[in-house]
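J.: got a sequence here, can you model it:
(one chain, ligands or ions: 1)
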Amino acid sequence: MRNRLFRISIVAFPIFCVGVFLYMTYFNAAYDHPGKYVYKTRCAQCHGDNGEGTQSLVPPLADADMLKQHLDSLPAWLIRGMNTHIIVNGKLYEQTMYPIYMSEVEMANLLNYLAADMVHVNKYYKADSMLIIMKEYGQTGL
Ligand code: HEC
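T.: Predicted coordinates for the structure are as follows:
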């Protein structure tokens, strides 16, 4: 009996390990940057999976001149929301983005992801500096 159990576990254990390995590889491939997870869950429904925007309603983020020039302002835009006429890559947008709250760590991850993957600027944001901005805008961090 013990012998049989031993033999079963000799086969089952490597299969289990391969399963865990495949799962982790897939998970990493899907969210290779922690900020990508924030983007996919908090922004992509409006701005598109790849930041392409939604027709004439939601502006793009990928290679968007506005975001590229003012990436530092993003925490303020998200905390306050945005409800004004803006011109992104030469096109007018005039819808509302309601305020979006997140922790300072998520905010830093998000900005680092956007900097690297969407607007291609060489910038790095830390959570403590995000917290300072968030406090300035009345959000104490979550
Ligand atoms: C419910 C839909 C919605 C969600 C969710 C959303 N946005 Fe927006 N966003 C908009 C709209 C609409 C505008 C245009 C606002 C205006 O015209 O004043 C906008 C504008 C912007 C702008 C300025 C314009 C540009 O393209 O540079 C940035 C940057 C931005 N959003 C980033 C984000 C990020 C980052 C997230 C996720 C944390 C996010 N948005 C989530 C709808 C959304």
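J.: get me the contact residues on the chain for the ligand.
T.: Proximity of the chain to the ligand, by C-beta under 6 Å from any ligand atom, involves residues 42-43, 45-47, 58-61, 64, 66-67, 74, 77-78, 82-84, 86, 88, 93-97, 100. Every residue, glycine included, has its C-beta placed from N, CA and C.
J.: out of these, which end up buried?
T.: Among the residues of the chain next to the ligand, those buried by neighbour count (16 or more other C-beta atoms under 10 Å) are 42-43, 47, 58-61, 64, 66-67, 74, 77-78, 88, 93, 97.
J.: mind listing which of those residues are in helices?
T.: R42, H47, M66, L67, L74, W77, L78 (DSSP state H).
J.: shouldn't the fourth one be in contact with G53?
T.: No. Counting by C-beta atoms under 8 Å, L67 sits too far from G53 to count as a contact (11.1 Å).
J.: doesn't P99 belong to a strand?
T.: No. Per DSSP: H, G, I helix; E, B strand; the rest coil, P99 lies outside any strand segment and is coil.
J.: residues in contact with the nearest residue to it once chain neighbours are set aside?
T.: Using C-beta to C-beta, 6 or more residues apart in numbering and skipping the chain neighbours, the partner closest in space to P99 is G81 (4.1 Å). If you count contacts by C-beta atoms under 8 Å, 6 or more residues apart in numbering, G81 has them with T96, M97, Y98, P99, I100.
J.: mind checking the pLDDT average for the lengthiest helix in the chain?
T.: Assignment by DSSP H gives helix 2-30 as the longest helix of the chain. Over the span of helix 2-30, the pLDDT mean works out to 74.
J.: which SS state does S129 fall under?
T.: helix.
J.: once you drop chain neighbours, what's closest to it?
T.: The shortest distance from S129 to any non-neighbouring residue, by C-beta to C-beta, 6+ apart, is to A108 (7.8 Å).
J.: count the residues that sit near D117.
T.: Here the number of neighbours of D117 (other C-beta atoms under 10 Å) works out to 17.
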